[in-house]
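**Q** Below: sequence and its predicted model.
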Amino acid sequence: MTHRRRIDIRSERGQTAVEFALVAPLLIVLLLGILQTGIAFNHYLAVTDAARAGARRAIVARVAGLTPADVETSVRAAAPDLDQSQLAVKVTDPTWKAGSNVTVKVTYPYSIDILGVVVASGDLTSTMTDMLE
């Protein structure tokens, strides 16, 4: 006598695997989004730190005889992990005299890309203004 297994339509076998297959892609996309946002935030912190380092270097320009090119070099040295070809640095001060303000503006592009789809993009910008000594 052969035993036939009775198939019950109401059986819950395999339900967990099906639910995981439905939810896993959403979790993966969420994880990749968090990762890409973290990378963009890290770049923002690097841009802000580079602008701050450039402004600190620039405030002693009158005493040390620095030029805007020297300030830009210190900005680039403060952000070694960023792509230097995409890092834009602008140093503005019309007089380079004691008491005048110097402004260092650093811009770097970002893009949040999840599975080949660009969700957000733009420029990370940080501007620091200090008074020359």
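**A** Okay, I see it.
**Q** Pick out the least confidently modelled helix or strand of this protein, by mean pLDDT.
**A** Across the helices and strands of the chain, mean confidence by mean pLDDT, DSSP states H and E is lowest for helix 61-64: a mean of 72.
**Q** Against which helices or strands is the longest helix along the chain packed?
**A** The single longest helix within the chain, with elements called by DSSP state H, is helix 15-58. Using 3 or more C-beta pairs under 8 Å, 6 or more residues apart in numbering; DSSP states H and E as the contact test, the elements touching helix 15-58 are helix 68-78, strand 88-92, strand 101-114, strand 117-131. For every residue, glycine as well, the C-beta is placed using N, CA and C.
**Q** Partner strands of the shortest one and their direction?
**A** Note on strand 88-92: by DSSP bridges, its sheet partners are strand 101-114 (antiparallel).
**Q** State the distance from Ile34 to Ile114.
**A** 10 Å (C-beta to C-beta, to the nearest Å).
**Q** buried ones in stretch 93-101?
**A** Neighbour-count burial for stretch 93-101, counted by 16 or more other C-beta atoms under 10 Å, picks out Asp93.
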